[in-house]
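S.K.: take this sequence and fold it.
(one chain, ligands or ions: 2)
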Amino acid sequence: MDTAGLFRLCSWLYRILPSVCHKPFKPLKEGHLTHDWDEVEPDPNQLRWKPFEIPKAPQNKLDFVSGLHTLCGAGEPRGRNGIAVHIFVCNTSMLDRCLYNSDGDFLIVPQQGKLLITTEFGKMLVEPNEICVIQQGMRFSVEVFGETRGYILEVYGAHFELPDLGPIDPLCQLPPGLCNVKIAIAQPLAAVTKILRGCTAPEALLSPLISQPAFWGFSGQDFSPFNVVAWHGNYTPYKYHLEKFMVINAVAFDHADPSIFTVLTAKSTRPGVALADFVIFPPRWGVANNTFRPPYYHRNCMSEFMGLIKGHYEAKEEGFQPGGASLHSMMTPHGPDADCFEKASKAKLEPERVAEGTMAFMFESSLSMAVTKWGLQTSNRLDKNYYKCWEPLKSHFNPKCK
Ligand SMILES: O=C(O)Cc1cc(O)ccc1O
Ligand SMILES: [Fe+2]
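M.R.: Ligands and ions are numbered 1, 2, ... in the order given. Next comes the predicted model:
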């Protein structure tokens, strides 16, 4: 039970047997999660990763849990203030085991492969271009159908909610803009009544425990952890199709801040400053006049982690690939690559489709994120040449020009 905004979040689950009947938890060596942000020296550079590699089954079988890797983050779960970005790569379903996160909430962004997620509230099929949120404490198990990859934003101490909409949330008309909860958010429909397998596999119920960046597990429960015959309440997992986002943009001139593309936000304790925003860059029209339409060059007070679900990101046609990522730390300069700059500077400013067939996203945080050892070294996916994409930029300043 928790509160977020004006709503008390709470659900009641009616079970065949209470969850409490189980053997003691034991620490487990599983996955590669951490919230040790001092593993390696901080790196203020613009960072970009090539697509994270998905191991091949059957030689290297990984499920959703064993294929989890922490890439970057800040803060920590004990103090209930922080975030982590994880990458998951897997090829095998979680068999006879499930997971809950006692530290925080997971916003899951599948990039390749569908996830069939069984929860205590019901099942959700989550495909690339959809996202789902599994909140603190909710047990779930993930079935996959081949090589699967995606991104996770974890928040400690806050829940995701719709961003404050200000003037685009009219009292007299429906629907309000951006991600409209009334028409768009789907919750699992039915309680699961008949998943009867219990936690019989070794260490079948896994939990990353507060203060331990590791999994704990128990086995020997002879009834299903999903033994819920009915539930009611508003604290549930949910999913959202990114195509349903109502995109708002500048229709006269200038480049609007990407916070207009915020799907969900997790508020920090400082009013107006997000612990983390989940922002998308969907297909849309670009119509602004007298404007350099791609993102401007900028340095700002947020950490910007970006991923690409499909297609090409408008500011970097090459190099930033689906299944890869980038991180621009606070105050680190970044912006369109030289190709994009040249093309957009010469382009005729007619209405044009932007980002057709594409879905890029950003996890933007007011915290200063550090990268893990896996991110900088072990994953071996860091693009050492990223900085070169800006090298061809040349000065066009010519005071004699009319
Ligand atoms: O850096 C990025 O590519 C993300 C971004 C996009 C945009 O349109 C404006 C600002 C911004 O940080
Ligand atoms: Fe940016």
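S.K.: please make it C-alpha for all contacts and neighbour counts, starting now.
M.R.: Will do.
S.K.: in three-state terms, label the closest residue to ligand 1 within the chain for me.
M.R.: Using Cα to the nearest ligand atom, the point where the chain gets nearest to ligand 1 is residue 295, with a distance of 4.0 Å. Taken by DSSP: H, G, I helix; E, B strand; the rest coil, the conformation at residue 295 corresponds to coil.
S.K.: ok, it to residue 24 distance?
M.R.: Distance from residue 295 to residue 24, counting by Cα to Cα, to the nearest Å: 52 Å.
S.K.: between those two, who's got more neighbours?
M.R.: residue 295 (17 against 9; other Cα atoms under 10 Å).
S.K.: just checking, residue 355 touches residue 312?
M.R.: Yes: here residue 355 lies in contact with residue 312, judged by Cα atoms under 8 Å, at a distance of 7.1 Å.
S.K.: which parts of the chain sit against ligand 1?
M.R.: If contact is defined as Cα under 6 Å from any ligand atom, the residues of the chain in contact with ligand 1 are 257-258, 295, 335.
S.K.: the bottom helix or strand of the chain by mean pLDDT?
M.R.: Across the helices and strands of the chain, mean pLDDT, DSSP states H and E gives its lowest value to strand 2-4, namely a mean of 46.
S.K.: for the stretch 101-250 of the chain, which segments count as helices?
M.R.: Under the criterion DSSP state H, counting those that start in this stretch, helices of the stretch 101-250 of the chain are mapped to 181-184.
S.K.: remind me which residues of it are low pLDDT?
M.R.: Scanning the stretch 101-250 of the chain for pLDDT under 70 picks out 170-177, 180-213.
S.K.: if you set the cut-off to 80 instead, what comes out?
M.R.: Using pLDDT under 80 as the threshold, the predicted model of the stretch 101-250 of the chain has low-confidence ranges 167-214, 218-222.
S.K.: and the closest residue in space to residue 105 that isn't next to it in sequence, how many neighbours?
M.R.: In space, residue 105 comes closest to residue 135 once its chain neighbours are excluded; the distance is 4.2 Å by Cα to Cα, 6 or more residues apart in numbering. The local packing of residue 135 (other Cα under 10 Å) involves 24 other residues.
S.K.: what of the one 10 residues further on?
M.R.: Counted with other Cα under 10 Å, the neighbours of residue 145 add up to 13.
S.K.: got it, and residue 225?
M.R.: Counted with other Cα under 10 Å, residues neighbouring residue 225 total 27.
S.K.: domains for this protein, by residue range?
M.R.: For the chain, the domain assignment from automatic domain parsing gives the residue ranges 23-157+184-242, 244-384.
S.K.: the closest residue to residue 335 other than its chain neighbours: what's it in contact with?
M.R.: Using Cα to Cα, 6+ apart and skipping the chain neighbours, the partner closest in space to residue 335 is residue 297 (4.3 Å). With contacts taken as Cα atoms under 8 Å, 6 or more residues apart in numbering, residue 297 has the following neighbours: 333-336.
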